[in-house]
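# based on what follows, work out the 3D shape:
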Amino acid sequence: VQLQASGGGLVQAGGSLRLSCAASGRTFSSLSMGWFRQAPGKEREFLAAISWSGAGTKYADSVKGRFTISRDNAKNTVYLQMNSLKPEDTAVYYCAGSVGSIWSRQYDYWGQGTLVTVSS
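Numbering: from 1, shown residues only. All right, here's what the predicted structure looks like:
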């Protein structure tokens, strides 16, 4: 499975962005998918995960209520809707796929990152 993230850019604080992650390969619909981010000088941070069916989701406390993960298996795409963005959300955002559940910490496939910059 190859993953391609897109949708990053420059946005003002309080604004919104929607990231997309397009997957190639026939196994996308069987994977749990997650979003992560890494800010300069910081460790990679888990943000959100969604089950293969879309019925189950999990969020980090730092983004709960502001970010929403969703997926469209017919389009082999997972999304991250980001609202009420803050300057501290500035980071490179990555999508990833796991053969495990949304509770798994093991991700097997990673996309390249897309940069999100939030100006104050």
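# give the buried residues for stretch 112-120.
Within stretch 112-120, the residues that count as buried by 16 or more other CB atoms under 10 Å are 113, 114, 116, 118. (Glycine included, C-beta is placed from N, CA and C.)
# quick one, strands of this protein?
With DSSP state E, the ranges of strands along the chain come out as 2-6, 9-12, 17-24, 32-38, 45-50, 57-59, 67-72, 77-82, 91-98, 109-110, 114-119.
# OK, contacts around residue 1?
Listed by CB atoms under 8 Å, 6 or more residues apart in numbering, the contact set of residue 1 reads 23, 24, 25, 27, 28, 31, 97, 109.
# 10 Å - rerun?
By CB atoms under 10 Å, 6 or more residues apart in numbering, the residues touching residue 1 are 23-28, 30-31, 76, 97, 99, 108-111.
# those: which two are farthest apart?
Across those, no pair lies farther apart than 26 and 110, at 18.5 Å, counting by CB to CB.
# who touches residue 4 in this structure?
20, 21, 22, 23, 24, 77, 95, 111, 112, 114.
# select only the buried ones of these in ChimeraX?
Command for ChimeraX that selects the buried part of the contacts of residue 4, burial taken from 16+ other CB under 10 Å:
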select :20,21,22,23,77,95,111,114
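# between the contacts of residue 4, which sits nearest residue 59?
If you rank those by distance to residue 59 using CB to CB, residue 95 comes first, at 15.0 Å.
# list the contacts of the nearest residue to the closest one once chain neighbours are set aside.
In this structure, residue 95 finds its nearest non-sequential neighbour in residue 21, 3.4 Å apart by CB to CB, 6 or more residues apart in numbering. With contact taken as CB under 10 Å, 6+ apart, residue 21 is in contact with 3-7, 28, 33-35, 71, 76-80, 93-97, 111, 114.
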